[in-house]
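Student: here is the input, now give the coordinates:
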Amino acid sequence: MAPNTVVVTLEKPENISLIEVNDQKSGSIFQEKQKSTNPKTFTWVLLLKAHRILTRIPLFAVSFWAIFGTVKKRIATSDPNEEDPRYRGRLYRFIKAFLAISVIALVIEIFAYFNKWDLSLVNPWEVPNMLQWCYMAWLNFRADYVAPLIVTLSKFCIVLFLIQSLDRLVQCLGCFWIKLKKLKPVMEDEPYDIEDGSSFPMVLVQIPMCNEREVYEQSIAAACQLDWPKDRFLVQVLDDSDDDLLQNLIRDEVMSWKEKGVNIVYRHRFIRTGYKAGNLKSAMACDYVKDYEFVTIFDADFQPNPDFLKLTVPHFKGKPDLGLVQGRWSFVNKDENLLTRLQNINLCFHFEVEQQVNGLFLNFFGFNGTAGVWRIKALEDSGGWLERTTVEDMDIAVRAHLNGWKFIFLNDVKVLCELPESYEAYKKQQHRWHSGPMQLFRLCLPAILTSKISGWKKANLIFLFFLLRKLILPFYSFTLFCIILPLTMFIPEAELPAWVICYVPITMSILNILPAPKSFPFLMPYLLFENTMSVTKFNAMISGLFQLGSAYEWVVTKKTGRASESDLLSLAERESKSLNEDKIQRRLSESGLEMLEKIIEQKEQKIKKKNRIYRKELALAFLLLTAAARSLLSAQGIHFYYLLFQGLSFLVVGLDLIGEQVS
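Tutor: Numbers count the residues shown, from 1 in each chain. I've put the predicted structure just below:
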């Protein structure tokens, strides 16, 4: 045995193991550590940590008190009639009734829990009193009749959920294949001869707008500065504004660009029917349109780069069956607040995955309504713009596809635009985007079934484009996560498995975020927010499918007029108050002072705007929090945490604490 080895042998080795210390140095080090960690030092460490915690308590208290004060003030100053009742309707009444029943059930369960009623194995004739007998009868009734119905409905929703997840996975694999093989549309012929302006085709540039005070200047300026021979394109400013002052300002802006040599015209409709579709239809009826081969559309907040036409129009050369070339959106305010960050995740996936994959492998996708170039012949062959739905862009795309026209999506051609910064604007936008497709589906289904396209294309349109992505997605999201899940807390015999409410949704959210990798820190807020928005999307889908409430309502999305981050000079010009004042005084002389007074009045009215509260979201918040409290009684773990955080996210949205904050 080595001289430095010490062997300690104990009497009863069956209960205590043998300890060997083979190194004297290690023993000395251990003793030194013991000395260094004496009780006095340990006490000082605890005191230091306690001091750090105590110093942070006031900060947390102040923050919590500020949030509580904001919530209290917002509720106190809210007007019960400020939210359009059409956005609540029958669904809101159903949620309130469900909430009332849940609260009553929670009270009963709490009473039973603290009285330790475990009546599941008790004979009905042995129950001591009538109250317990009623509770036991309810337990038997829910296990025999209610639970099977909920299980059947939940299985149906889970199947839809898995089908939609599979579709999303296939699209992501298609996008990965595109990146791996570096696939993208290419121009078959040489670009146009720069020295010969007559070789460039005639292009019509349309800017439809309606009361776009914040963005009309920058949109007109961007369109007028497109790098294209001046005599080969015409800018149409299609103004549907109902404000006389704004009409004069836009007309004045058009006149100033016309003086600079730009071919530009101003059009205003006296009868404003059909919203944007009616506006575009009226513009295409002009006699001079027959001289143009292509038309490109930019909504009022879009700012194309000067080379937009040179990157898109040449793709039509040598492709007589090509009807549309669509560019991608890029957002100047994607980092403005949490709401814009979450929107950016969704739209990046839409363009990077959905549009790119469908465009490359199917030659078809939904037109985005702006930042695209149409062959005018394709529009005419497909029946032109129709005023029958609020998604005129999707309508013309479907009809063009049924007539055999092909589409190209250019992921590398980006056009700057804005995201809605307030929840009110975003909610109204999403309502239109999800009610319109259901209107269109009802109208287009006979035409799809009787069209001459292949059976595969018909199936893609009906089952994937419309049903799966426009109807099934909002249906199962709302039904499964906002109705069935809280219901299973009170009917534990129909409990949802953890993978349905946790693992698969997180996996799908990760796939959604892949096109915007900088958004990974917002994974959980994104997952919760998407489930929160499901109530708006579900309500819109139902109203569009059955023509209820505000199905045909079009509300122009509010803009802020943010410019390109690199265009600081343009930003300074737009924010200069004297610029508009000088224009008014110079062009409108005596009436200028009157117009300036109107501008000041409108600015004062704008300052008075305040945030709203949304009762449907608040009702769902309390419903989910009630279900979370019920799950806490039965210690259901992950179900409790999901319901808690989902309920809090509904509370934040219902109090309008996400997005733009105005006083």
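Student: which residues in this protein form strands?
Tutor: Along the chain, the segments classed as strands by DSSP state E run 6-8, 19-21, 203-209, 233-239, 264-268, 294-297, 322-331, 372-375, 406-417.
Student: what is the mean pLDDT for the last one?
Tutor: The one in question is strand 406-417. Mean per-residue pLDDT for strand 406-417: 96.
Student: same question, stretch 358-375
Tutor: Here the average pLDDT along stretch 358-375 is 95.
Student: and the helices in the stretch 451-600 of the chain, which stretches?
Tutor: Counting by DSSP state H, counting those that start in this stretch, one finds helices in the stretch 451-600 of the chain at the ranges 455-459, 473-478, 485-490, 498, 504-513, 523-545, 568-575, 577-588, 592-607.
Student: next, count neighbours for the nearest residue to D193 once chain neighbours are set aside.
Tutor: Once flanking residues are discounted, D193 sits nearest to S199: 4.6 Å by C-beta to C-beta, 6 or more residues apart in numbering. From N, CA and C alone the C-beta is placed, and that goes for glycine too. Using other C-beta atoms under 10 Å, S199 has 12 neighbouring residues.
Student: on that earlier part again, format the strands of the chain as JSON lines; extra columns: distance to E352 and mean neighbour count.
Tutor: Formatted as JSON lines, these follow (distance: least, C-beta to C-beta, whole Å; neighbours: other C-beta atoms under 10 Å):
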{"stretch": "strand 6-8", "distance to E352": "67", "mean neighbour count": "10"}
{"stretch": "strand 19-21", "distance to E352": "62", "mean neighbour count": "11"}
{"stretch": "strand 203-209", "distance to E352": "26", "mean neighbour count": "24"}
{"stretch": "strand 233-239", "distance to E352": "30", "mean neighbour count": "23"}
{"stretch": "strand 264-268", "distance to E352": "34", "mean neighbour count": "17"}
{"stretch": "strand 294-297", "distance to E352": "22", "mean neighbour count": "23"}
{"stretch": "strand 322-331", "distance to E352": "8", "mean neighbour count": "23"}
{"stretch": "strand 372-375", "distance to E352": "17", "mean neighbour count": "24"}
{"stretch": "strand 406-417", "distance to E352": "7", "mean neighbour count": "20"}
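Student: between the ones you listed, which gets the lowest average pLDDT?
Tutor: strand 19-21 (a mean of 40).
Student: before we move on, back to that, will you turn the strands of the chain into TSV that also has distance to Q164?
Tutor: Output for the strands of the chain, formatted as TSV (distance: least, C-beta to C-beta, whole Å):
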stretch	distance to Q164
strand 6-8	66
strand 19-21	60
strand 203-209	33
strand 233-239	38
strand 264-268	43
strand 294-297	31
strand 322-331	24
strand 372-375	27
strand 406-417	22
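Student: any idea which of the ones you listed gets closest to F111?
Tutor: strand 322-331 (52.2 Å; C-beta to C-beta).
Student: run the chain-centre distance for that closest one.
Tutor: The gap between where strand 322-331 is centred and where its chain is centred comes out at 19 Å by C-alpha atoms, centre = their mean, to the nearest Å.
Student: now stretch 273-293
Tutor: 31 Å.
Student: again, but for stretch 453-468
Tutor: For stretch 453-468 - counting by C-alpha atoms, centre = their mean - the centre lies 24 Å from the chain centre.
Student: neighbours of the closest residue to L528 other than its chain neighbours, just the number please.
Tutor: In this structure, L528 finds its nearest non-sequential neighbour in S649, 4.0 Å apart by C-beta to C-beta, 6+ apart. Burial of S649 is recorded as 23 neighbouring residues (other C-beta under 10 Å).
Student: next one: S649 relative to Q343, how far apart?
Tutor: Here the criterion is C-beta to C-beta, to the nearest Å. By it, S649 lies 15 Å from Q343.
Student: do I250 as well
Tutor: For I250, the distance to Q343 - C-beta to C-beta - is 28 Å.
Student: which positions within stretch 222-229 qualify as buried?
Tutor: A222, A223, C224, L226, W228, P229 (16 or more other C-beta atoms under 10 Å).
Student: and which of the residues you listed is nearest V391?
Tutor: Distance to V391 across the buried residues of stretch 222-229 (C-beta to C-beta) is lowest for A223, with 23.7 Å.
Student: nearest the middle, which residue of this structure would you pick?
Tutor: Q343 (4.4 Å; C-alpha atoms, centre = their mean).
Student: can you name the residues that contact that residue?
Tutor: F331, K334, L419, P420, Y426 (C-beta atoms under 8 Å, 6 or more residues apart in numbering).
Student: ok, so of the residues you listed, who is nearest H315?
Tutor: Nearest member of these to H315, counting by C-beta to C-beta, is F331, at 24.2 Å.
Student: which strand residues bridge that closest one?
Tutor: For F331, the beta-bridge partners are C417 (DSSP bridges).
Student: that one contacts L339, doesn't it?
Tutor: No. Using C-beta atoms under 8 Å, F331 is not in contact with L339, being 12.0 Å away.
Student: intersection of neighbour lists for the two?
Tutor: L419.
Student: wait, what's in contact with the closest residue to Q326 other than its chain neighbours?
Tutor: Ranked by C-beta to C-beta, 6+ apart and with sequence neighbours excluded, the top spatial neighbour of Q326 is G372, at 4.2 Å. Residues near G372 by C-beta under 8 Å, 6+ apart: T296, I297, L324, V325, Q326, G327.
Student: tell me the bridge partners for the last one.
Tutor: With beta bridges defined as DSSP bridges, G327 has these partners: L410.
Student: okay if I get the buried residues of stretch 222-229 as TSV plus distance to V265 and pLDDT?
Tutor: Output for the buried residues of stretch 222-229, formatted as TSV (distance: C-beta to C-beta, whole Å; pLDDT from 0 to 100):
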residue	distance to V265	pLDDT
A222	17	95
A223	12	96
C224	12	96
L226	16	96
W228	16	95
P229	18	93
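Student: list just the nearest of those residues to L527.
Tutor: A222 (35.9 Å).
Student: that closest one touches F302, doesn't it?
Tutor: Yes. Here A222 reaches F302: they are 7.4 Å apart, a contact under C-beta under 8 Å.
Student: the residue nearest to L528 against E530, yeah?
Tutor: No. At 9.8 Å, S649 and E530 do not qualify as touching, with contact defined as C-beta under 8 Å.
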